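Trainee: any chance you can model this:
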Amino acid sequence: MHLLSKSPMVIYIEDFITDEERLHLQKIADGHFKHSAVVKGGNSAIHSVRTSQSTTVDRDAVVRCIEARALDFQGFDVPESHLEPIQLVKYAVTERYHFHTDWFTDPSHAAASLGGNRISSFFGYVKADNVTGGGTNFPVLDAPRDERWCKFIDCDEEYDSGVTFRPIEGNVVYWENLLPDGRGDQRTLHAGLPVVSGEKIGMNIWTRQMPLAADIRGA
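Mentor: Here you go, the predicted structure:
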């Protein structure tokens, strides 16, 4: 586990997902991917800023184990009911997700009935073998100067380009989306950079401020 930033809180976690879990996630998601939607004006729609495909996964025993790990990492005061269903996102060559935040700018999508806003995010790499490109860029974060970080981030970029995490299977990036007063933290702006070769599958785990409705959360 490696602390990249205290404010905003950004932590890099190695081996968060086991090889067996990665293969299982790929298996249960196969055939279910659809063009990813973007929330705009409180509604979801297909948009050119996000060209990937995505799907949520059924909460079987393996998925529940990953959820429990995400909850444990955040502390004992985060109930299971605050977790959104795990989402997998598949990126083929040239596909990307332009700069965005995971917290919602439209209050209608962060209503109490929907669980409020997203307080935290995990983004993990489920499949990334033989992938070039496809990093996760945080343009506002300060790049660390310690060369040991070069194992996980692209140290060949200009310093003022922020931080780009390399897509490394099994590892995840965790960050907190909201300021102490509940407003969204603009410094968590990030993008999924275009895949140059290969195929990348990422995993999103989002935690809300309040419980999600049963029909959203799933059984």
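Trainee: my guess is residue 200 contacts residue 124. True?
Mentor: No. Taking contacts as CB atoms under 8 Å, residue 200 lies outside contact range of residue 124: 11.2 Å. C-beta here means a position set from N, CA and C on the backbone, and glycine is covered the same way.
Trainee: need the overlap of contacts for these two.
Mentor: Counting by CB atoms under 8 Å, 6 or more residues apart in numbering, residue 200 and residue 124 have no common neighbour.
Trainee: so which helix or strand takes in residue 88?
Mentor: Using DSSP states H and E, the element containing residue 88 is strand 87-91.
Trainee: in the next helix or strand after that strand, what's buried?
Mentor: Using DSSP H and E, the helix or strand that follows strand 87-91 in sequence is strand 97-100. Within strand 97-100, the residues scored as buried using 16 or more other CB atoms under 10 Å are 97, 100.
Trainee: which strands and helices lie in contact with strand 97-100?
Mentor: Counting contacts by 3 or more CB pairs under 8 Å, 6 or more residues apart in numbering; DSSP states H and E, strand 97-100 is packed against strand 190-192.
Trainee: partner strands of the strand it packs on, with direction?
Mentor: Sheet pairing of strand 190-192 (DSSP bridges) gives strand 97-100 (antiparallel), strand 136-138 (antiparallel).
Trainee: which is the succeeding secondary structure element to it?
Mentor: Next along the chain after strand 190-192, taking DSSP H and E as the criterion, comes strand 195-197.
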